[in-house]
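**Q** Curious how this folds, go ahead:
(one chain, ligands or ions: 1)
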Amino acid sequence: MTVTRDDILRQLSGVALPGGGDLVSRDLIRAVTIEGGTVRFVIEAATPDEARALAPYQAAAEAAVKALAGVTAVQVVMTAHGPSAKPAPPSLKIGQHPTPQQGGPQKVSGVDRIIAVGSGKGGVGKSTVSSNLAVALARQGRRVGLLDADIYGPSQPRMMGVNRRPASPDGKIIEPIVAHGVTMMSIGLMLKEDEAVIWRGPMIMGALQQLLTQVAWGHLDVLIVDLPPGTGDIQLTLCQRTQLTGAIVVSTPQDVALLDARKALDMFQKLKTPVLGLIENMSSYVCPNCGHEAHIFGHGGVAEEARKLDLPFLGELPLALEVRVAGDAGTPVAAGDGPVAEAYARLAHRLIAGGMA
Ligand SMILES: Nc1ncnc2c1ncn2[C@@H]1O[C@H](COP(=O)(O)OP(=O)(O)OP(=O)(O)O)[C@@H](O)[C@H]1O
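**A** Got it, this is the predicted structure:
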């Protein structure tokens, strides 16, 4: 049996690295060649220090590839750029007219599942849920991507603690950034801080298409897409052009938020995107001083709505100061321990058990 490049990358994506990700998702594999039963490849670290840290994983990489049927010999070379060989600044410009697409919604290469996280109303915690869910899934061993598609108000760079511009040395492919074990990309990383995006629909569609197809996502079990609030061009483009596993709708229990959540649900149904379930965020507040539990935005409204619409209710997430503080500090609360991290772990487990992530 002849081994293929994809077989090799699949094996190498099983070699997990400290700090999250694996040899493939962190984009460290270069120059894969196959000659008969002999496989050669290069592990290319960014710096000599990184190469030293990766040295113990070279043998694991070799063993993983050797385990493939048809492979008789494996030669791995570890290289490192000198400190001066930093990735070139991105020459790829985000924002262009979309290229025509034949046929119906398409898959994103290497990505097994795509979950869109939406809300009708802004500020209900959709970005918070997206980042925390991504981190919780990664902690349970899934290969997770996070795409911040909130073109008008990208908040994932702040929430995931990333402010480095992704490199695009060839001007065609963008190398995503790995943070908290999640491969992430946001349009916010490609814009200057304080730069406003003033685009019409076609430009937005083109930018989304670039973020999906020109980012080297690697092999992912699931890509979480953090949508902007509402029911606009991004939602329409994503649902019509990309094969989605489904959508999750986040709402607070407040009536006014639920009203908008219904619109988002209606949109996903019209676009024939399966709704995987609803999440109630800011469900209850436990006073850190006296332990009293209050329901600032009401309670149970989202579960009730899910029941009425015969949709799965995926869970409640509390309103907690630590959630906001962790988000602002760039380390999602799900990366730590405690009741909120546990709530996210349960949510992640439920999605994995259901084959959704
Ligand atoms: N459960 C929570 N407990 C405390 N603060 C929260 C919680 N969920 C979200 N927040 C905070 O509320 C604010 C809005 O959250 P977030 O940005 O996630 O909402 P959004 O729905 O994505 O908003 P937008 O519509 O602006 O994209 C953030 O400051 C966030 O830290």
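**Q** For stretch 232-243, buried residues please.
**A** 233-239, 241-242 (16 or more other C-beta atoms under 10 Å). In this view, the C-beta of every residue, glycine as well, is placed from N, C-alpha and C.
**Q** Stretch 337-344 too?
**A** Using 16+ other C-beta under 10 Å as the test for burial, stretch 337-344 gives 340-341, 343-344.
**Q** can you check stretch 254-264 too?
**A** 254, 257-258, 260-262, 264.
**Q** which one of the residues you listed sits closest to the ligand?
**A** Of all the buried residues of stretch 254-264, Ala257 has the smallest distance to the ligand: 9.5 Å, by C-beta to the nearest ligand atom.
**Q** Relative to Asn281, how far out is the closest one?
**A** According to C-beta to C-beta, to the nearest Å, Ala257 stands 9 Å off from Asn281.
**Q** can you check Gly153 too?
**A** For Gly153 relative to Asn281 (C-beta to C-beta), the value is 17 Å.
**Q** where does the stretch 101-250 of the chain dip in pLDDT?
**A** The model of the stretch 101-250 of the chain has pLDDT under 70 over residues 102-103, 192-201.
**Q** so the residue nearest to Leu309 when sequence neighbours are not counted, which of the three states?
**A** Using C-beta to C-beta, 6 or more residues apart in numbering and skipping residues adjacent in sequence, the residue nearest Leu309 is Leu265, 6.7 Å away. Assigned by DSSP: H, G, I helix; E, B strand; the rest coil, the conformation of Leu265 is helix.
**Q** ok so, going back, just give me the closest of the buried residues of stretch 337-344 to Phe313.
**A** Checking these against Phe313 by C-beta to C-beta gives Ala343 as the nearest, at 13.6 Å.
**Q** Grab the nearest non-local neighbour of that closest one.
**A** Nearest non-adjacent residue to Ala343 (C-beta to C-beta, 6+ apart): Leu317, at 5.5 Å.
**Q** what's around the one you found, how many residues?
**A** When counting by other C-beta atoms under 10 Å, one arrives at 25 neighbours for Leu317.
**Q** swap in the one 10 residues further on?
**A** Neighbouring residues of Gly327 were enumerated by other C-beta under 10 Å; the total is 22.
**Q** And the residue of the stretch 151-300 of the chain that's closest to the ligand?
**A** Pro229 (3.9 Å).
**Q** May I ask which helix or strand encompasses that residue?
**A** Assigned by DSSP states H and E, Pro229 falls within no helix or strand.
**Q** Compute the distance between it and Pro253, please.
**A** If you go by C-beta to C-beta, the gap between Pro229 and Pro253 works out to 17 Å.
**Q** more neighbours, the two?
**A** Pro253 (24 against 21).
**Q** so that one touches Ala306, yeah?
**A** No: Pro253 lies out of contact with Ala306 (C-beta atoms under 8 Å); the separation is 11.6 Å.
**Q** about what we covered before: check what pLDDT the residue nearest to Leu309 gets.
**A** pLDDT recorded at Leu265 is 94.
**Q** do Thr2 as well
**A** Thr2 is given a pLDDT of 82.
**Q** wait, it sits on Gly70?
**A** Yes: between Thr2 and Gly70 a contact is recorded at 6.2 Å, counting by C-beta under 8 Å.
**Q** Quick one: residues contacting the residue nearest to Leu309.
**A** 249, 275, 278, 309, 311 (C-beta atoms under 8 Å, 6 or more residues apart in numbering).
**Q** Which helix or which strand is home to Ser109?
**A** Here Ser109, judged by DSSP H and E, is contained in no helix and no strand.
**Q** All set now, cheers.
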